[in-house]
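# structural data only, the sequence is not supplied:
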């Protein structure tokens, strides 16, 4: 059973990363803004006791253009990696064969940062760590 922390939705507000988070500027440059990560798929979660832990998500930009089938054209596909330094606490639930999030937010916490995975299908919850670094790997492909 999920606790109130896991199921709380923070979709009413934009959750972002400030320029103080290493690598956030690259994500903003690629997508044109800090994304909501709506419908992003978690491709990897690696938790480590002594080394940095890692969360990787596949995300893309949905444009207003329509293809021949009248589907929105998606571009700017990329894998965004969140490297978490010294995990302090976490609450995660519902890991599945597919893990799609409603949104991803980064907010200040008492001893560092809190990364929040708002639920859609599969993994959801939060991770608190002393620090976070963000990196981006563009895929260079366009899907519609």
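On my side now, so go ahead. It should be emphasised that the depicted structure is a prediction, and the values quoted were computed from it without experimental measurement.

# immediately after the longest helix along the chain, which helix or strand?
Taking DSSP state H as the criterion, the chain has its longest helix at helix 24-31. Using DSSP states H and E, the helix or strand that follows helix 24-31 in sequence is strand 41-46.

# show the average pLDDT along that next one.
On average, the pLDDT along strand 41-46 is 97.

# which positions within that strand qualify as buried?
Residues 41-42, 45 are the ones in strand 41-46 that count as buried (16 or more other C-beta atoms under 10 Å). (C-beta placed from N, C-alpha, C; glycine too.)

# residue 67: which of these is nearest?
residue 41 (20.7 Å; C-beta to C-beta).

# how far away is the closest residue to the closest one other than its chain neighbours from residue 137?
Nearest residue to residue 41, sequence neighbours excluded (C-beta to C-beta, 6 or more residues apart in numbering): residue 58, at 4.8 Å. Distance, residue 58 to residue 137, using C-beta to C-beta, to the nearest Å: 10 Å.

# so for these two, which residue has more residues nearby?
Per other C-beta atoms under 10 Å, whichever of residue 58 and residue 137 has more neighbours is residue 58, with 18 against 13.

# how about the more buried one, secondary structure?
Assigned by DSSP: H, G, I helix; E, B strand; the rest coil, the conformation of residue 58 is strand.

# which residue ranges of this protein form strands?
In the chain, the strands defined using DSSP state E lie at 41-46, 53-66, 72-93, 100-109, 112-121, 124-138.

# deepest-packed of those strands, please.
Of all the strands of the chain, strand 112-121 carries the top mean neighbour count, a mean of 20, counting by mean count of other C-beta atoms under 10 Å.

# quickly list what the residue nearest the centre of the chain is bridged to.
Central residue of the chain (C-alpha atoms, centre = their mean): residue 104, 4.3 Å from the mean position. With DSSP bridges as the criterion, residue 104 is bridged to residue 117.

# ok, it touching residue 114?
No: the pair residue 104 / residue 114 is not scored as a contact, 11.3 Å apart, by C-beta atoms under 8 Å.
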